[in-house]
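Participant: here's a sequence, model it:
(chains A, B and C)
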Amino acid sequence: MGLMKLISQLDALDHKMHGTDFLHTWKKSDDQISATLLTAQILKKLYEEGKSCKVFKSGLAISNFRDNSTRTRFSFASASNLLGLTVQDLNESTSQIAHGETVRETANMISFLTEVIGIRDDMYLGEGHKYMCEVGEALDDGYKNGVLHQRPSIVNLQCDIDHPTQSMADLSHLINYYGGVEKLQGKKIAMTWAYSPSYGKPLSVPQAIIGLMSRFGMDVVLAHPEGYNLIPETLKISEKNAKKSGGSFKVVKSMEEAFKGADIVYPKSWAPYSVMQTRTPLLLKKDLEGLKNLEKQCLANNAKHKDWECTEKMMKLTKGGKALYMHCLPADISDVSCKEGEVSAKVFDKYRIETYKEAGYKPFVIAAMMLLSKFKDPARTLASLNKRRFAE
Amino acid sequence: MGLMKLISQLDALDHKMHGTDFLHTWKKSDDQISATLLTAQILKKLYEEGKSCKVFKSGLAISNFRDNSTRTRFSFASASNLLGLTVQDLNESTSQIAHGETVRETANMISFLTEVIGIRDDMYLGEGHKYMCEVGEALDDGYKNGVLHQRPSIVNLQCDIDHPTQSMADLSHLINYYGGVEKLQGKKIAMTWAYSPSYGKPLSVPQAIIGLMSRFGMDVVLAHPEGYNLIPETLKISEKNAKKSGGSFKVVKSMEEAFKGADIVYPKSWAPYSVMQTRTPLLLKKDLEGLKNLEKQCLANNAKHKDWECTEKMMKLTKGGKALYMHCLPADISDVSCKEGEVSAKVFDKYRIETYKEAGYKPFVIAAMMLLSKFKDPARTLASLNKRRFAE
Amino acid sequence: MGLMKLISQLDALDHKMHGTDFLHTWKKSDDQISATLLTAQILKKLYEEGKSCKVFKSGLAISNFRDNSTRTRFSFASASNLLGLTVQDLNESTSQIAHGETVRETANMISFLTEVIGIRDDMYLGEGHKYMCEVGEALDDGYKNGVLHQRPSIVNLQCDIDHPTQSMADLSHLINYYGGVEKLQGKKIAMTWAYSPSYGKPLSVPQAIIGLMSRFGMDVVLAHPEGYNLIPETLKISEKNAKKSGGSFKVVKSMEEAFKGADIVYPKSWAPYSVMQTRTPLLLKKDLEGLKNLEKQCLANNAKHKDWECTEKMMKLTKGGKALYMHCLPADISDVSCKEGEVSAKVFDKYRIETYKEAGYKPFVIAAMMLLSKFKDPARTLASLNKRRFAE
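Facilitator: Presented below is the predicted three-dimensional model:
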């Protein structure tokens, strides 16, 4: 589809995301989700046609990674660079924050010429989202009181609850793979737990997937061993979404059941909800002994479920034996990155290129979130990019 | 006031800061101080009107933080970004500098395409300023000998003696708060020591404040407990400035006396001069035991002066009970960031927004220092920004 | 020479470096070497004339420093900035790479909007170049399979075998010093080992120098104590080059012999080949005890050769007593950065400014490598820069 047609489609939507943060997909309307997907697609097309996407004259994009990251870090850097912003990393260890400075103060101090703040804070159940809201309120306070000339918008780069840049990139991949969002109607997607020799992986990816994919008329199936349940609220959201979109949502107890007849499978490890609950206070009080015991106990428990592996045999259960395999990467690949993991080397290798493409949507999804939150008339802004040629 | 009028005012001054470093405010003439304030104001206005302030085609702005920093780091990054420079951090731990490379060599090696170098080196009394001068001489040598095509200018982001980006931001705040630099004439400002449970805080902020504010006809009062005196030279400078500007400068022995009738109060902790003198050789020879003993002794000494706290009762002593409270942030707020600190939560909260605004001038002050040191005809450069529209 | 004349010269060469990596100089044709030197010269001239060299609309330049670096880090940052790219550092310690992610995957994940990847990996004999090739293959795979819209090109910022950005900067310096590449014909250059109190220095600089300088009809002499030989393959390359270019290449056993009648001397320490071979497996298995023993043994062996120092007496042996002294910096200067080192303070000081100028070519050499690998018609691209004026 031509660029101008896509831009017209964007213009026809009732999005109004200017001045808002992107925290959870389920807090965004259908039109807002569509606008984000469309804007990402338009930016990708502009980029591939060699057109400049610099919409900002200047300005900082602050990244605050409270957990390690490669692909999200580079996606955020790429998105910022694409739009004309400069990344400045807020490294809490070399800053004065350790002095006991309040979140409210820091948020203002770094924001005088800042357009966007991207935050990853996914390790503490009950903490990450809370922190992002606190930053948001601080920015509101600063903006309202004339401290800040502009209100930087927050992009959630993974919290304890949702991982919207991941799920939106995954969704972009599905739309492209099947040739349109309407093609997702009736497709069965299995979001399943898988065995991994590591522990403490966040719950945000599975929660993000069920919370978003349930909005497009898909049959969303969640599967995990007993005890590995997600935050209950996210299941309720998924049920509600499924009902509204004409799809379905259910939880089953085995990988086999989930895979049966699935069009799409997303096998990925995560920590049990109860472990994450126990872990947060231990982390906060830095109880290393307690954490070590919890890890040992958790790994032992994980080890009971090594049969939750996405093997060729498991894949045969899917529709026509050829469901699309998805993963947020890096996957724990048996005999490659670990002895026994989430997925067999054969299955992963078959879909490797597809998972890389899946990841390739993330920079544009982040750029779309940034652009929509900062420009009042994004369709017009994008149209001007399409016309603009790089000055020689 | 309109932008063109401000630019004309700048043009009328005898500034000539091209090719110079900004190390101490007292080494700058009155016109140079005015030019810096004006340029900061013009850049702020241009930014707020949505005009591009990119005056550099390309180039690096190197930051060298030898001490932790949040607000100055982000202010420097914001200023660089605003003018079109890219920040490159000189991280001495991941560089080859540990090999015993000379300052002279490093200064040249990093500067081939560099426009500005910002340095924070405030921990060692007798060292920070010396280091900046050494870097400056190395750059002179490289430029003179054809190693460097341009001579990068140095911006002092806090040394052991002065903190000019802080004091100039503070001054900008005062000018804006009172509606003009001429309104400062006759105002009483109290720069006082305050209790803090930490130790080893640099002397550069109080020295910067008395050294700069004494130039505008204000009644500058410095107060601190016995032993917490500043570098004697900075007091002499302040006395001289006060005399020349028609103001006054005096040192008193209690917070109460300083606050009495004050229009502005700046209560802030710092380490005793003698402790800083003892500390430098210990730091240089990494005598951890000696440092620990010194810290213990110093904290014990500090603890005798917990009554040096900016409380509501203390504020009642000021003019009409409503002096403007200032701080470079982060403040040690009693019952917020520590048990007993520099300021009570009630007082701080009343002036919180004002202190944030105070901090908001720093990016523009730094940008002004950069621009004035690198452009021969800054008024013309700024005028062209005012006319330029962002290419669409 | 005027810019347009240089650009015409470039255009006349058969270079075709678009889409290629720059790993070893000896894998580049004579025209490709000339094109790189010319492009560096053109960019330097454009820069010095105040013309914008921004050829990229946007895009990342990733740096991956697996060893410490100051000058190469800043040269890479300067080159990227000059051309309009934004540096994003791949810090393997704060990324998820520790999870056991494959090189193939990481290379793709960071490259969605990336134009160039600069890598320094010089510590492990047999590893650095291998790693760069692995990254290159991963990028080919991603580009071929539609994961990447563009194939980022790799610039070798020092591997275990070659250090092309250094040797090309050194060569640029020689060409400028003598007034033309044709003037190098018949000049004698002595690449000699020199004593240093440190150990484990890579072999890549001497290998780079003999491998490149042998292409211009020079008499290249390599000298080192017994056991300090280089990778044999690089000697064969140098011999072949010398034969083809009408120069010569030989290995001698003393610094005196090498210096005798030399026009240029390059005295620099490196570790013995056998030590580097023993060291690699120890490093890989993190055998700290083994490494410590090896270091002790190696330093003791080094100490037998303290007479390999570039002193004034040694310099008297060179042609007319005034050979050009070169070094990649930082040099181990006797009585300055160490007690006894590679060069006496008197000799170094005499040539200090020349070594700084030598280093000053590196940013432009790197920029040239970037530009040639990414633009199909570099002469046209450069010509457009020459005409373009900075928009006001």
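Participant: check the spacing between whatever residue of the stretch 201-350 of chain A ends up closest to chain B and residue A:102 real quick.
Facilitator: Distances between the stretch 201-350 of chain A and chain B by C-beta to the nearest C-beta are smallest at residue A:284, namely 18.2 Å. From N, CA and C alone the C-beta is placed, and that goes for glycine too. Distance, residue A:284 to residue A:102, using C-beta to C-beta, to the nearest Å: 17 Å.
Participant: so between these two, which is more surrounded?
Facilitator: residue A:102 (16 against 11; other C-beta atoms under 10 Å in any protein chain shown).
Participant: would you confirm that the more buried one contacts residue B:345?
Facilitator: No: if you go by C-beta atoms under 8 Å, residue A:102 and residue B:345 don't touch, sitting 11.0 Å apart.
Participant: any shared contact partners between the two?
Facilitator: Common contact partners of residue A:102 and residue B:345 (C-beta atoms under 8 Å, 6 or more residues apart in numbering or on different chains): residue B:336.
Participant: hang on, residue A:128 packs against residue A:159?
Facilitator: Yes: with contact defined as C-beta under 8 Å, residue A:128 reaches residue A:159; the gap is 3.5 Å.
Participant: so which of these two has more stuff around it?
Facilitator: residue A:159 (28 against 24).
Participant: is any part of stretch A:373-385 close to chain B?
Facilitator: Yes: judged by C-beta under 8 Å from any C-beta of the partner chain, stretch A:373-385 comes into contact with chain B at residue A:384.
Participant: buried set for that stretch?
Facilitator: A:373-375, A:378-379, A:381-383, A:385 (16 or more other C-beta atoms under 10 Å in any protein chain shown).
Participant: go on, stretch A:250-257?
Facilitator: A:251-252, A:255, A:257.
Participant: can you tell me which two in those residues are farthest apart?
Facilitator: A:251 and A:255 (12.7 Å; C-beta to C-beta).
Participant: any residues in contact with both of the two?
Facilitator: residue A:223.
Participant: before we move on, back to that, spatially nearest residue to the residue of the stretch 201-350 of chain A closest to chain B, not counting backbone neighbours?
Facilitator: Nearest-residue entry for residue A:284: residue A:124, 7.0 Å, with adjacent residues in sequence omitted and distances by C-beta to C-beta, 6 or more residues apart in numbering or on different chains.
Participant: shouldn't the one you found be in contact with residue A:278?
Facilitator: No: the criterion here is C-beta under 8 Å, and residue A:124 misses it with residue A:278 at 11.8 Å.
Participant: of these two, who's got more company?
Facilitator: residue A:124 (21 against 18).
Participant: may I have the secondary structure class of the more buried one?
Facilitator: coil (DSSP: H, G, I helix; E, B strand; the rest coil).
Participant: ok, now which ones touch it?
Facilitator: Each residue near residue A:124 by C-beta under 8 Å, 6+ apart is listed here: A:160, A:279-280, A:283-284.
Participant: would you show me how to pick out the buried ones of these in PyMOL?
Facilitator: Here is the PyMOL selection string for the buried members of these, based on 16+ other C-beta under 10 Å:
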select buried, chain A and resi 160+279+280+283
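Participant: and of the contacts of residue A:124, the nearest to residue C:146?
Facilitator: Once C-beta to C-beta is applied, the member of the contacts of residue A:124 that ends up nearest residue C:146 is residue A:160, at 34.4 Å.
Participant: leaving out chain neighbours, which residue sits closest to the closest one?
Facilitator: Spatial nearest neighbour of residue A:160, excluding adjacent residues (C-beta to C-beta, 6+ apart): residue A:128 at 3.9 Å.
Participant: and that neighbour, what does it touch?
Facilitator: Listed by C-beta under 8 Å, 6+ apart, the contact partners of residue A:128 are A:66, A:121-122, A:158-161, A:204.
Participant: check residue A:23 too.
Facilitator: With the criterion set at C-beta under 8 Å, 6+ apart, residue A:23 makes contact with A:129, A:132-133, A:136, A:154, A:156, A:159, A:162, A:164.
Participant: now swap in residue A:30 and tell me
Facilitator: Per C-beta under 8 Å, 6+ apart, neighbours of residue A:30: residue A:215.
Participant: so, low pLDDT: which residues of the stretch 101-250 of chain A?
Facilitator: A:101 (pLDDT under 70).
Participant: spell out which parts of the stretch 1-150 of chain A neighbour chain C.
Facilitator: A:47-48, A:50-54, A:65, A:68-71, A:73-75, A:77-78, A:81-82, A:84, A:86-87.
Participant: and if you look at the stretch 151-300 of chain A?
Facilitator: residue A:198.
Participant: any chance you could map the strands in the stretch 151-300 of chain A?
Facilitator: Secondary structure of the stretch 151-300 of chain A by DSSP state E, counting those that start in this stretch: the strands cover A:153-156, A:188-193, A:219-223, A:248-252, A:264-268.
Participant: contacting residues for residue A:172?
Facilitator: Applying C-beta under 8 Å, 6+ apart, the residues near residue A:172 are A:37, A:40-41, A:361, A:364-365.
Participant: so of the residues you listed, which ones are in helices?
Facilitator: The helices, defined by DSSP state H, take in A:37, A:40-41, A:364-365 from the contacts of residue A:172.
Participant: tell me which of those residues is nearest to residue C:140?
Facilitator: For those, the nearest to residue C:140 is residue A:364 (23.1 Å; C-beta to C-beta).
Participant: right, and that closest one touches residue A:43 too?
Facilitator: Yes: under the contact definition of C-beta under 8 Å, residue A:364 touches residue A:43, with a separation of 5.0 Å.
Participant: more crowded one of those two?
Facilitator: residue A:364 (29 against 26).
Participant: model confidence for residue A:66, exactly?
Facilitator: Looking at residue A:66, its pLDDT reads 86.
Participant: contacting residues for it?
Facilitator: Residue A:66 is in contact with A:92, A:119-123, A:128, counting by C-beta under 8 Å, 6+ apart.
Participant: in helices, which of these fall?
Facilitator: Using DSSP H, the members of the contacts of residue A:66 that fall within helices are residue A:128.
Participant: show me which of the contacts of residue A:66 are buried.
Facilitator: A:119-123, A:128.
Participant: just to revisit the earlier point, which neighbours do residue A:128 and residue A:159 have in common?
Facilitator: Counting by C-beta under 8 Å, 6+ apart, the residues touching both residue A:128 and residue A:159 are A:121-122, A:204.
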